[in-house]
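# Sequence plus the predicted model coming up.
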Amino acid sequence: MTVVFEKTKGLTDVQTHYCPGCTHGIVHRLVGEALEELGVLDKAIGVAPVGCAVLAYNYFNCDMHEAAHGRAPAVATGIKRVRPENFVFTYQGDGDLASIGTAEIVHVAHRGEKISTIFINNAIYGMTGGQMAPTTLIGQKATTAPLGRDEAHSGKPIKMSELLATIDGAKFVERVTVTTPGHVRKAKKAIKECFKLQIEGKGFGIVEVLSTCPTNWGLTPEESLRWLEENMIPYYPLGSFKRPKEDD
Amino acid sequence: MAKARGRVIFEEDLCKGCGLCVSVCPTKIISLDNSTINAKGYHPAIVIEMDKCIGCANCAMMCPDVVITVERY
Ligand SMILES: Cc1ncc(C[n+]2csc(CCOP(=O)(O)OP(=O)(O)O)c2C)c(N)n1
Ligand code: SF4
Ligand code: SF4
Ligand code: SF4
Ligand SMILES: [Mg+2]
C-alpha cells in the first residue's frame, strides 16, 4: 500500500471559512504543497490580503502577516528587504490586487522585488457580497451592476497578467485555473516554478489563478467551474506570459 | 468484481458537501449521503463500493477542504 495523496504539512489543521466548493481552498492546498515540496516552509513568510482570503494566516503553516487592502506587495517588499533569506509570498484577490492595490502590484514588479504573488481572479468582490470588480466580465451581473457590466459605463475587464508581463522586473507570469484535476496539476506546476524563481533570486513572479465564487455567482460549485471555463477562459487565456530569460 | 487498486478515506466531519469530488470520480463511486448530516451541517461525501476505486486521486485534487486521503495497492 502506498499513500498517493494526503494533506500537506504546508497547511494547518484549522478548518477554512470558505464557502462549500470555493476554489480558494484548492489553491491554498497547492501553495502549501509547493512550500513543503520546495523545502521552504520553515523560512516562508506569507502576506494575506483583505478579501475572502483575509484569514489565510490561520491556514498556511508558516509565518504570516496581514496587510491592509491591496497593500500586501508593499508589506512583502519590506519583509523581503529586511530578511532576504526568507521566502516571501503574497496571496491576493482581484479586488485587492487589480483594484485598490494596482499601484502596489505594478511597482513591486517594476522594482523587481524578489517575492512571489498568488493572484486569485474570481471576477468579483467575494467577501463584501458580490460587487463588480475590474475583472468582472462584460454582461456579468454583480450587486453594483444588476443588469451586467456595461462596457460603455465601466470599460473592459483588466487583464493583469498581460499588463504585468510588459514590466521588465516581472520575470515569471502565468495564468492557470483549477476547474479539473488536470488543470489543478498544471496550476501546481506553475506555482512551484514561480516559487523556484524566488529561491534562485531571479526577481518577481506571479501566478494568476482563475477561480470560482459559487456564492456570489449564484451557481452550484460544479456549475461555477463550467461557467468559468465557458466565460472566463475565452477572455482570460491560460498559459505562460513570461519566463526568465537565459541572462536573468 | 473489479480488482481493488485504490482506497479513499474521507474525514467526514470536515466535508462541506460541495460535490466536486463526486463530479470528477471516473468510476462514479462517490455520492453525498443524504441520510446523514455531519458536524458542519452538510451531507458528507461517501464511497460505498470501495472495491471499484482505482486510486486516481481525482477526488482529492478537486477537494477544496482536503478531506480525502488516497491509497493505492
Ligand atoms: C481600504 C478598504 N477598502 C474597502 C474595503 C472593503 N473590502 C473588503 S474585501 C473587498 C473586496 C475583496 O475582493 P477580492 O480582493 O476580489 O477578494 P475575494 O473576496 O473575491 O476573494 C473590499 C472592497 C476594505 N476592507 N478596506
Ligand atoms: S464568497 Fe465567494 S470567494 Fe468568498 S469564500 Fe464564498 S465562494 Fe469563496
Ligand atoms: S481515487 Fe479516483 S476512483 Fe477512487 S474515489 Fe477518488 S476519484 Fe474515485
Ligand atoms: S470535494 Fe471535499 S468537501 Fe466537497 S463533497 Fe467532496 S469531500 Fe466533501
Ligand atoms: Mg475576487
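All right, it came through fine. Numbering: from 1, shown residues only, chains lettered A, B, ... in the order given. Ligands and ions are numbered 1, 2, ... in the order given.
# Please name the nearest non-neighbouring residue to the residue nearest the centre of chain A.
Among the residues of chain A, the one closest to the centroid is A:Phe119, at 1.9 Å (C-alpha atoms, centre = their mean). In this structure, A:Phe119 finds its nearest non-sequential neighbour in A:Glu208, 4.5 Å apart by C-beta to C-beta, 6 or more residues apart in numbering or on different chains. (C-beta placed from N, C-alpha, C; glycine too.)
# And the pLDDT for the one you found?
A:Glu208 is assigned 99 on the pLDDT scale.
# where do the strands sit along the chain?
Because you didn't say which chain, this covers chain A. For chain A, the strands defined by DSSP state E occupy A:2-5, A:44-48, A:63-66, A:87-93, A:116-121, A:170-177, A:204-210, A:239-242.
# Chain B was what I was after
Secondary structure of chain B, counting by DSSP E: strands at B:6-10, B:30-32, B:45-47, B:68-72.
# Turn those into TSV, columns for distance to A:Asp96.
As requested, these are arranged in TSV below (distance: least, C-beta to C-beta, whole Å):
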stretch	distance to A:Asp96
strand B:6-10	33
strand B:30-32	33
strand B:45-47	31
strand B:68-72	30
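# Go through those and pick out the most buried.
Here the criterion is mean neighbour count by mean count of other C-beta atoms under 10 Å in any protein chain shown, and of the strands of chain B the winner is strand B:45-47, at a mean of 21.
# Run the contact check for the longest helix seen in chain A versus chain B.
Across chain A, the helix with the greatest residue count (assigned by DSSP state H) is helix A:181-199. Yes - judged by C-beta under 8 Å from any C-beta of the partner chain, helix A:181-199 and chain B are in contact via A:Pro181, A:Val184, A:Arg185.
# just the buried members of these?
Applying a neighbour-count criterion of 16 or more other C-beta atoms under 10 Å in any protein chain shown, the buried members of the residues of helix A:181-199 next to chain B are A:Pro181, A:Val184.
# and the residues of helix A:181-199 next to chain B as CSV, adding pLDDT and distance to A:Cys52?
Listed next are those as CSV, based on pLDDT from 0 to 100; distance: C-beta to C-beta, whole Å:
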residue, pLDDT, distance to A:Cys52
A:Pro181, 98, 23
A:Val184, 98, 19
A:Arg185, 98, 24
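# so which of the residues of helix A:181-199 next to chain B comes closest to A:Ile26?
Checking those against A:Ile26 by C-beta to C-beta gives A:Val184 as the nearest, at 6.1 Å.
# tell me what the longest helix of chain A is packed against?
Applying 3 or more C-beta pairs under 8 Å, 6 or more residues apart in numbering or on different chains; DSSP states H and E, one finds that helix A:181-199 contacts helix A:24-37, strand A:87-93, strand A:116-121, strand A:170-177, strand A:204-210, helix B:58-62.
# Distance from the chain centre to the second one, please.
Spelled out, that is strand A:87-93. Taking C-alpha atoms, centre = their mean, to the nearest Å, one finds the center of strand A:87-93 at 8 Å from the center of the full chain.
# Look up how far A:Ala72 lies from the closest residue to A:Met64 other than its chain neighbours.
Computed as C-beta to C-beta, 6+ apart, the closest residue to A:Met64 that is not its neighbour in sequence is A:Tyr57, at 3.4 Å. According to C-beta to C-beta, to the nearest Å, A:Tyr57 and A:Ala72 sit 11 Å apart.
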